[in-house]
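Chemist: Here is my input; please provide its structure:
(one chain, ligands or ions: 1)
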Amino acid sequence: MANTAQSIPTTNSGIEEFDAIVIGAGVSGLYQLYRLRESGLKVRCVEDGSGVGGTWYWNRYPGCRFDSESETYGYTFSKELQQEWNWKEHYSGQPENEQYLNFVADKFDLRRDIQFNSHVTSAIYDERANRWDVQIENGQRLRAQFLIGAVGILSARYVPPFEGIDSFKGQSFHTSRWPKEKVDFTGKRVAVIGTGATAVQLIPIVAKEVAHLTVFQRTPNYCAPLRNALVSDETQARFKATYDEIYQKCLSSPAGFPYDFDRRKALAVSPAERLALYEELWAQPGFKKWLGNFRDIMTDRAANEDFAEFVRNKIRARVKDPKVAEKLVPKDHPFGSKRIPLETEYYEAYNRDNVLLVDIRETPIERITPKGIKTSDKEYEFDVIIYATGFDAITGPLTRIDIRGEGVQTLKDKWANGPRTVLGLQTAGFPNFFIATNTAFCNYTICAEKIVEWITDCIGYVRKNNRSRIAPTPEAEEAWVAHVNEAGSHTFLTSAKSWFVGDNIPGKAHAVLLYANTAPAYRAKLAETAAKGYEGFELR
Ligand SMILES: Cc1cc2nc3c(=O)[nH]c(=O)nc-3n(C[C@H](O)[C@H](O)[C@H](O)COP(=O)(O)OP(=O)(O)OC[C@H]3O[C@@H](n4cnc5c(N)ncnc54)[C@H](O)[C@@H]3O)c2cc1C
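Modeler: I've put the predicted structure just below:
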């Protein structure tokens, strides 16, 4: 649905004025709009896409779905909503996720304050007026006292700058800009570049449709079985009856999922006991193999290696050709140091006669040609190239916007060596600019709701106390960055070349982008800061 927002009175200059502008209409932006509007603010939400959903609007590739349990990903703020919505699958697919967020937008009448097809190019802080001046690509300008970037952590797509990329005569797709119409692969020679979480969802499905599929892999991952299933009526009723319990379980767990680490240390138990737990975890759905494993799996090298070898052997057992299997086995990074892709028949895809794996560490891609892909070894011809090459994660969606704070410093310059914030929510020198994305290592909505509520309360506090602006002090920011780095140094989450630390993007500074503490610890810091009158923030 396009440009449905009602017309708002404009100033003489034709610039529309609001109390708050929210950029992005994904899980975070929709809730932020709802909360700010409920608190009495005049709000406009601006969204690049033509509909709501964010991640679940853009990523329409075959196989796209949750790795979080559906019943833990939905919003918890409305009991009515929880009772009205039925999840069809335990790990719900993109079409249903997009429907869910449309259902939310309709239920809470959010569309009237959202303008779609509106790409924000710049946001400039007018110090004298204490207003953010937001520019849309089509030339439209909006102004507001408060600006909230709900732009997501994985919304800035990344395509490697391959030489000749525009010369390809066939069809090309990036997985996060997938067309709304079904792509017909029948009889086609298809390439997939990348083997991250997205490619792992897509490959087994596309492999069944194409004439031939070639997968270009740089880094093999530790992929684990998703074990998705339909939600029975009985289970649906149980979800609805126990949503409070499910939520409390997620809140108390380290990463916002309905399971916790095993309290024992891996190597403190006998090999037989260890194997028994590994097998038990492996047979279960979801991230439990990662986040329900022995508690030192993410901190102790030997414990991690023990489970990593178990996973490698699971991979070897599923791939018929030992040479192909060895290429698919990760050996250069700890288990869980990159996001674990959850899969359904991923490894079996490589047992098909029409699927070929090309290791681009052995034979790098040299360029894209009019006919296909040229590696150091040979030229491969294709009808379709699928770029499953990921995102300029976490900071990219913000630094791609020309955001300027006090003294016209740009956010991009300020964050050249990595993000500098307090709590991930505000950055010094950018008053009244809030970042409503969840950068804690946490099941997304579980923490995003708390972030949105913190921002809403903070804005309420500023207004109630007759102040006009809030921003962190440089000292508090320095302390938070040091704390984030310190927290990151205790876990394998920051130890691989991954998007968690910006290493997937050439030239991007290596920095800890996630808050790798536990989710309860993060939420405690949110609550404590607010309770202490926004300690570390300067109000004027
Ligand atoms: C394929 C995939 C699967 C995932 N699976 C899971 C999962 O199972 N569990 C989990 O916890 N997380 C998952 N995630 C992470 C996911 O991004 C979050 O769960 C969540 O959807 C993020 O919501 P958001 O509203 O913060 O951001 P997004 O959903 O990314 O929404 C941000 C919105 O901002 C808009 N925007 C950005 N820049 C601009 C601009 N300049 N102008 C206008 N609009 C702009 C974008 O168009 C987008 O619609 C997954 C991510 C991907 C890509």
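Chemist: Count residues in the vicinity of residue 274, would you?
Modeler: The local packing of residue 274 (other CB atoms under 10 Å) involves 19 other residues. Just so you know, the C-beta spots here come from the backbone N, C-alpha and C atoms, and that holds for glycine as well.
Chemist: er, residue 137 I mean
Modeler: Around residue 137 there are 12 residues (other CB under 10 Å).
Chemist: Could you report the distance from it to the ligand?
Modeler: Taking CB to the nearest ligand atom, to the nearest Å as the measure, residue 137 falls 8 Å from the ligand.
Chemist: Touching, that residue and residue 122? I think so.
Modeler: No - contact between residue 137 and residue 122 fails when scored by CB atoms under 8 Å: they sit 9.7 Å apart.
Chemist: pLDDT score assigned to the closest residue to residue 82 other than its chain neighbours?
Modeler: In space, not counting the residues next to it along the chain, residue 82 is nearest to residue 243; the distance is 4.8 Å by CB to CB, 6 or more residues apart in numbering. Per-residue confidence at residue 243 stands at 98 (pLDDT).
Chemist: do residue 495 as well
Modeler: On pLDDT, residue 495 comes in at 88.
Chemist: for the one 4 residues further on, same thing?
Modeler: On pLDDT, residue 499 comes in at 92.
Chemist: residues near it, how many?
Modeler: Applying the criterion other CB under 10 Å, we find 24 residues in the vicinity of residue 499.
Chemist: Also residue 31?
Modeler: 26.
Chemist: How about the residues of the stretch 251-400 of the chain by the ligand?
Modeler: Of all the residues in the stretch 251-400 of the chain, those in contact range of the ligand (CB under 6 Å from any ligand atom) are residue 397.
Chemist: Would you map the helices across the stretch 251-400 of the chain?
Modeler: Assigned by DSSP state H, counting those that start in this stretch, the stretch 251-400 of the chain shows helices spanning 271-282, 288-291, 301-318, 322-328, 346-349, 396-399.
Chemist: does the nearest residue to residue 469 once chain neighbours are set aside count as helix, strand or coil?
Modeler: If the residues on either side of it in the chain are set aside, residue 469 comes closest to residue 431, at 4.0 Å by CB to CB, 6+ apart. Secondary structure state of residue 431, per DSSP: H, G, I helix; E, B strand; the rest coil, is coil.
Chemist: Look up how far the ligand lies from residue 431.
Modeler: According to CB to the nearest ligand atom, residue 431 stands 20 Å off from the ligand.
Chemist: Check residue 347 too.
Modeler: For residue 347, the distance to the ligand under the criterion CB to the nearest ligand atom works out to 20 Å.
Chemist: Now do the contacts for that residue.
Modeler: 223, 315, 318, 319, 328 (CB atoms under 8 Å, 6 or more residues apart in numbering).
Chemist: Next to the ligand, which bits of the stretch 1-150 of the chain? Give me the list.
Modeler: In this structure, the stretch 1-150 of the chain approaches the ligand at residues 23-29, 46-49, 54-55, 57, 59, 64, 66-68, 73, 119-120, 150, judged by CB under 6 Å from any ligand atom.
Chemist: Revised request: answer the last question for the stretch 401-540 of the chain.
Modeler: Where proximity means CB under 6 Å from any ligand atom, the interface of the stretch 401-540 of the chain facing the ligand comprises 401, 437, 443, 444, 448.
Chemist: So, low pLDDT: which residues of this structure?
Modeler: Across the chain, the stretches falling below the confidence threshold (pLDDT under 70) are 1-13.
Chemist: 50 instead?
Modeler: In the prediction, the chain carries residues with pLDDT under 50 at positions 1-4, 6-9.
Chemist: follow-up on the earlier one: which one of the residues of the stretch 401-540 of the chain next to the ligand is nearest to the ligand?
Modeler: residue 444 (3.1 Å; CB to the nearest ligand atom).
Chemist: Could you look up the SS state of the nearest residue to the closest one once chain neighbours are set aside?
Modeler: The shortest distance from residue 444 to any residue that is not its chain neighbour, by CB to CB, 6+ apart, is 5.5 Å, and that residue is residue 438. Remark: residue 438 carries the secondary structure label coil [criterion: three-state DSSP].
Chemist: Quick check, residue 438 in contact with residue 452.
Modeler: No - assessed by CB under 8 Å, residue 438 is found out of contact with residue 452, at 9.4 Å.
Chemist: Name all residues that sit in contact with the two at the same time.
Modeler: Common neighbours of residue 438 and residue 452, counting by CB under 8 Å, 6+ apart, are residue 28.
Chemist: Which is the succeeding secondary structure element to whichever strand or helix holds residue 530?
Modeler: Assigned by DSSP states H and E, residue 530 belongs to helix 519-531. Once the chain leaves helix 519-531, the next helix or strand it forms, by DSSP H and E, is strand 537-539.
Chemist: what lines up beside that next one in the sheet?
Modeler: Looking at strand 537-539 with DSSP bridges, its paired strands and their directions are strand 470-472 (antiparallel).
Chemist: from the chain's centre, how far out does the partner strand sit?
Modeler: Shown here is strand 470-472, whose average C-alpha point lies 26 Å from the average C-alpha point of the whole chain (CA atoms, centre = their mean, to the nearest Å).
Chemist: Same question for stretch 289-306.
Modeler: Distance, stretch centre to chain centre, for stretch 289-306: 23 Å (CA atoms, centre = their mean).
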